[in-house]
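Engineer: Compute the structure for the input listed below.
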Amino acid sequence: MAAGIGSRFGIYTEDRPKGFIEVGGVSMIERSIKTLIDCGIERILIGTGHMKEAFEHLAERFPQIECCHSPRYAETNSMYTLYNMRSLIHENFLLLESDLVFERKAIESLLYDMHPDIMLTTPVMKFQDQYYVEFDNEHWLIGCSTDKTQVNTNSELVGIHKVSKFFYDILVKEYAKVVDKKPKLGYEFMLLDVARRLHRMYVLDVPDLLWYEIDDPSDKKYAEEYVLTRFK
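Structural biologist: Modelled structure (predicted):
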């Protein structure tokens, strides 16, 4: 998922998409791609928008990559980007955001778990822009909010999921009903809606997982000093 403008990075994104910002000397998206390939992933779809040419050049270096451009990226949000990729998604997949740094364990945890549909979480660690996630005693997703007072939880969304083709087909069908009214809907809330009404999603909470979402220069600095230095 890489269609956003990343305006909070200021001058950093004047000449590149947000995912191409280097954290620890390597761009976030290239670090993610190499981790996926190392974990055996053979096909990588990138939903593009802002500065799509950068991703197309990246695809020339990595034959595993296919790009899917969303011309409406400036007026839509992440759920539309995911919806826009429906003609290319034919199988179960991992869903990742482009502005993350994470250790290989994040991918392996999802691949090795038996549940077909999983939201990856950790105990709250980020100091801003958290998506708080609530799950029941059996770890089924029941709530998600940017307002901690609206959910009973100490877990936060990582931004990496495992999604079955069955779940995705339901997601696309349901979003098609509201896409004109909710073009700026975040995919997190559409996942929650489907999980509550139509098909459950398991929450895999990994307490010691190393990861960080990079939204602005202060996040980049924190990740370089306190997260990447602990990667194996």
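Engineer: alpha carbons only for contacts and neighbour counts from here, please
Structural biologist: OK.
Engineer: which strands and helices sit next to the single longest strand found in the chain?
Structural biologist: Ranked by residue count and defined by DSSP state E, the top strand of the chain is strand 155-163. On a contact count with 3 or more CA pairs under 8 Å, 6 or more residues apart in numbering; DSSP states H and E, strand 155-163 meets strand 93-96, helix 105-112, strand 118-123, strand 132-135, strand 211-213.
Engineer: So in that sheet, which strands flank it, and in what orientation?
Structural biologist: strand 93-96 (antiparallel), strand 118-123 (antiparallel), strand 132-135 (antiparallel) (DSSP bridges).
Engineer: so how far is the last one off the chain centroid?
Structural biologist: Between the mean C-alpha point of strand 132-135 and the mean C-alpha point of its chain there is a distance of 16 Å (CA atoms, centre = their mean, to the nearest Å).
Engineer: rewinding a little: so can I have a markdown table of the helices and strands packed on strand 155-163 showing mean pLDDT, distance to residue 29 and mean neighbour count?
Structural biologist: Putting the helices and strands packed on strand 155-163 into a markdown table (pLDDT from 0 to 100; distance: least, CA to CA, whole Å; neighbours: other CA atoms under 10 Å) gives the following:
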| stretch | mean pLDDT | distance to residue 29 | mean neighbour count |
| --- | --- | --- | --- |
| strand 93-96 | 98 | 10 | 18 |
| helix 105-112 | 97 | 14 | 16 |
| strand 118-123 | 95 | 19 | 23 |
| strand 132-135 | 94 | 24 | 25 |
| strand 211-213 | 93 | 12 | 22 |
